[in-house]
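*Asks:* what's the 3D shape of this:
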Amino acid sequence: MRYTKPALTYEQQLELLAKRGLAIPDRERALHWLKRKGYFRLSAYFLPFKVPDTDTYINGASFTDIVNLYKFDANLRLLVIKAIDRVEVALRASITYHFAHVLGPFGYTDALHFTPHVPSPGPGVPATGFDHTYMMRQVDIAVEQSKEEFVRHYKATYTSETHLPIWMLTELMPLGALSRMTEGVKKSLRKQIARDFDISQSQLTSWMEALTYVRNICAHHSRLWNREMSLKPELLKEWKALGISNTRVYCIFLVLAHILHHASPHSRWKDMLMHTILKRPFVRVSAMGFPPNWAELPPWNLSAID
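*Replies:* Numbering: from 1, shown residues only. From the prediction side, this is the model:
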């Protein structure tokens, strides 16, 4: 099957929307949004206002509804990335501390501290363990490409040292690479890091992977509000008992609130999230995985606030 859809002008795009039943209360404003955001990007926000399995819009749906939903999602991404930034710093600090004290400043360079790597024996059979050699190549690239003053100073001062100490390296590593390194280290060390946040070692790596995924969504200005999670974080048992799913973004809000409770106890992020959602009753929170009585449950309910 060949793709035959032609490129449409902004005016043609607007006429197509109107033909399908979408009200256009302000034509000039709608054209501005199509020009500045793009039809395809906005199309992800058309779906809640369409009759299921059709291209026809429900009665009363307007371009203003789409704009409002888009703005909500943009605000939500900013709020989430703000929390992830703070969480990431706390995770980096904990990982650095425990790596340094258990393995020493340069212990990460020794493959013996990581799960042994077993290469793939053939097509269709994945490799197992942690590829320490690959990690060290990535480390060397990151250090070589760094423009940080502390890297330049270290290399000029400590000429007998081949690698950076762990507390410098973790400042250079992307969160995804740091997550993989943490997952590859021996379980006993992961447990020490996880205890700083009152979670299990498997939840630690699961959450870091999921947060990396969500941060990339936010950084690329992609749709977040009703996103189905490709990387699903491991849930706490109390969340499972409430019937919470890890397939929608609500579970990420829980993860962020939990880590912030330990990393930044006086953070008002939970309040800001609740305010952002509650003041926009037009948003269908069930599409984000919120349970019907979410505002009465921990960590959002007043009784859970310290």
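*Asks:* low-confidence stretches in the protein?
*Replies:* 302-306 (pLDDT under 70).
*Asks:* which residue is nearest the centroid of it?
*Replies:* V214 (1.6 Å; Cα atoms, centre = their mean).
*Asks:* how is this protein divided into domains?
*Replies:* Domain assignment of the chain by automatic domain parsing yields the ranges 10-61, 72-304.
*Asks:* just name the most buried of the ones you listed.
*Replies:* Among the domains of the chain, domain 72-304 has the highest mean neighbour count (mean count of other Cβ atoms under 10 Å), at a mean of 16. Where C-beta positions appear, they are placed from N, C-alpha and C, glycine not excepted.
*Asks:* how far does that one sit from its chain's centre?
*Replies:* Centroid separation for domain 72-304 versus its chain: 8 Å, with Cα atoms, centre = their mean, to the nearest Å.
*Asks:* kindly report the same for stretch 41-54.
*Replies:* Offset of stretch 41-54 from its chain centre (Cα atoms, centre = their mean): 24 Å.
*Asks:* end to end, how far does it reach?
*Replies:* Terminal residues of stretch 41-54 lie 19 Å apart, using Cα to Cα, to the nearest Å.
*Asks:* residues in contact with it?
*Replies:* Outside stretch 41-54, the residues that touch it by Cβ atoms under 8 Å, 6 or more residues apart in numbering are 22, 33-34, 56-58, 61, 65-66, 69-70, 73, 223, 226, 284, 287.
*Asks:* swap in 7 Å and give it another go.
*Replies:* With Cβ atoms under 7 Å, 6 or more residues apart in numbering as the test, stretch 41-54 has contacts from W33, T56, Y57, I58, A61, D65, I66, L69, Y70, R223, R284.
*Asks:* which helix or strand lies directly C-terminal to the host helix or strand of A83?
*Replies:* Element membership of A83, judged by DSSP states H and E, is helix 63-103. Note on helix 63-103: by DSSP H and E, the next helix or strand toward the C-terminus is helix 132-145.
*Asks:* show residues contacting that next one.
*Replies:* The set of residues external to helix 132-145 that reach it, using Cβ under 7 Å, 6+ apart, is T109, A111, F114, H117, V151, L164, L169, L172, M173, A177, M181.
*Asks:* how about these, which pair is most distant?
*Replies:* Maximum pairwise distance in those, criterion Cβ to Cβ, is 27.5 Å, between H117 and V151.
*Asks:* just the terminal-to-terminal distance for stretch 14-28.
*Replies:* 10 Å.
*Asks:* what does that stretch rub up against?
*Replies:* With contact meaning Cβ under 7 Å, 6+ apart, stretch 14-28 is reached by L8, A30, L31, L34, D55, T56, Y57, A61, S62, F63, T64.
*Asks:* please name the nearest non-neighbouring residue to the second one.
*Replies:* Put plainly, it is A30. Using Cβ to Cβ, 6 or more residues apart in numbering and skipping residues adjacent in sequence, the residue nearest A30 is F63, 4.6 Å away.
*Asks:* what's the neighbour count on the one you found?
*Replies:* Neighbours of F63 under the rule other Cβ atoms under 10 Å: 25.
*Asks:* ok, now which ones touch the spatially closest residue to K35 that is not a sequence neighbour?
*Replies:* Nearest non-adjacent residue to K35, counting by Cβ to Cβ, 6+ apart: Y10, 5.8 Å away. For Y10, the contacting residues are L31, L34, K35, by Cβ under 7 Å, 6+ apart.
*Asks:* so the residue nearest to A30 versus N226, what's the distance?
*Replies:* According to Cβ to Cβ, to the nearest Å, F63 stands 19 Å off from N226.
*Asks:* ok, P265 next?
*Replies:* With distances taken as Cβ to Cβ, P265 is found 31 Å from N226.
*Asks:* before we move on, what about L79?
*Replies:* From L79 to N226 the distance is 16 Å (Cβ to Cβ).
*Asks:* and for L91?
*Replies:* 27 Å.
*Asks:* ok, K71 - how many residues close by?
*Replies:* 12.
*Asks:* make TSV from the domains of the chain and add distance to Y3 to it.
*Replies:* TSV is the format used below for the domains of the chain (distance: least, Cβ to Cβ, whole Å):
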stretch	distance to Y3
domain 10-61	13
domain 72-304	22
